[in-house]
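> predicted model and sequence below, questions to follow.
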Amino acid sequence: HISYYDNTNQDLKYATNASGSWVATTLDSSGNVGLYNTSIAIDSNNKVHISYYDATNTNLKYATNVSGIWVTTTVDSYGTVGQFTSIAIDSNNKVHISYDDTTNYATNYDLKYATNVSGNWVTTTVDSSGYVGQYTSIAIDSNNKVHISYFDATNYDLKYATNASGSWVATTLD
């Protein structure tokens, strides 16, 4: 399973060889979508989940085939959000997404997190200490706790955030 940006058409595409040969499908062609990066995860029912950036509307978007057909949703549309996205699925097949918020280049360079654990999309600012949130990578542990690594461009540091204690804690690693 591969999600990717079609530079020629500015579309989000998905390719799979599940049938024995590679088949590519356009999932979203509603503007310049999928630019910078996409992230893909497969749940325990072999359903596909993709997070990606909508450069036309500067939004975080999500595509899935959980219902049997491809559906795209805007997860966060407040400002310029969704670059450097990473997606993970927990043991209950709930979605967790980390991403960058660059809404106001003078003030916002934040690490954000979105999840549908409650049944609706909820977004949270995890770290807003400087220019943080680029190059995110998210993982879910066996207790369904979230772990995110990301770049702190203010200090040129590798940072790590987790909600394992019940609230978000950000730490500089290197």
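In hand now; what should we look at? Numbers count the residues shown, from 1 in each chain.
> let's see the pLDDT reported for A106.
The model reports A106 with a pLDDT of 57.
> low-confidence regions, the chain specifically.
105-107 (pLDDT under 70).
> torsion angles phi and psi at the residue sitting furthest away from the middle of it?
Distance to the chain centre peaks in the chain at G20, reaching 28.3 Å (criterion: Cα atoms, centre = their mean). Main-chain torsions, G20, degrees, to the nearest 10: phi 110, psi -20.
> which residues touch N37?
5, 52-53, 83-85 (Cβ atoms under 8 Å, 6 or more residues apart in numbering). Where C-beta positions appear, they are placed from N, C-alpha and C, glycine not excepted.
> so of those residues, which ones are in strands?
5, 52-53, 83-85 (DSSP state E).
> relative to T26, which of those is nearest.
Y5 (11.3 Å; Cβ to Cβ).
> and that closest one, what does it touch?
11-13, 33-38, 52 are the contacts of Y5 under Cβ under 8 Å, 6+ apart.
> that one bridge partners, please.
Beta-bridge partners recorded for Y5 (DSSP bridges): L12.
> also V146?
I140.
> my guess is it meets Y113, correct?
Yes: checked against Cβ atoms under 8 Å, the pair V146 and Y113 is within contact range at 6.9 Å.
> which residues are common contacts for those two?
96, 138.
> sorry, back to before: how near is the residue farthest from the centre of the chain to T64?
Distance of G20 to T64, computed by Cβ to Cβ, to the nearest Å: 23 Å.
> cool, and D11?
From D11 to T64 the distance is 17 Å (Cβ to Cβ).
> then W70?
7 Å.
> the two: which has the busier surroundings?
T64 (20 against 16; other Cβ atoms under 10 Å).
> am I right that that one is in contact with V75?
No: if you go by Cβ under 8 Å, T64 and V75 don't touch, sitting 11.2 Å apart.
> which SS state does S129 fall under?
coil (DSSP: H, G, I helix; E, B strand; the rest coil).
> tally of neighbours for it?
For S129, using other Cβ under 10 Å, the count is 14.
> swap in S86?
22.
> now it: how far from G130?
Distance from S86 to G130, by Cβ to Cβ: 20 Å.
> N7 too?
32 Å.
> and the two? Which one has more around it.
More neighbours surround G130 than the other of N7 and G130, with 14 against 10 (other Cβ under 10 Å).
> which residue, other than its chain neighbours, is closest to that one?
Excluding the flanking residues, the one nearest G130 by Cβ to Cβ, 6 or more residues apart in numbering is T154, at 3.2 Å.
> list the contacts of the closest residue to V117 other than its chain neighbours.
Spatially, and ignoring its direct neighbours in sequence, V117 is nearest to K94 (4.6 Å; Cβ to Cβ, 6+ apart). The neighbours of K94, taking Cβ under 8 Å, 6+ apart as the test, are 115-117, 144.
> having no further points to raise, I will conclude here.
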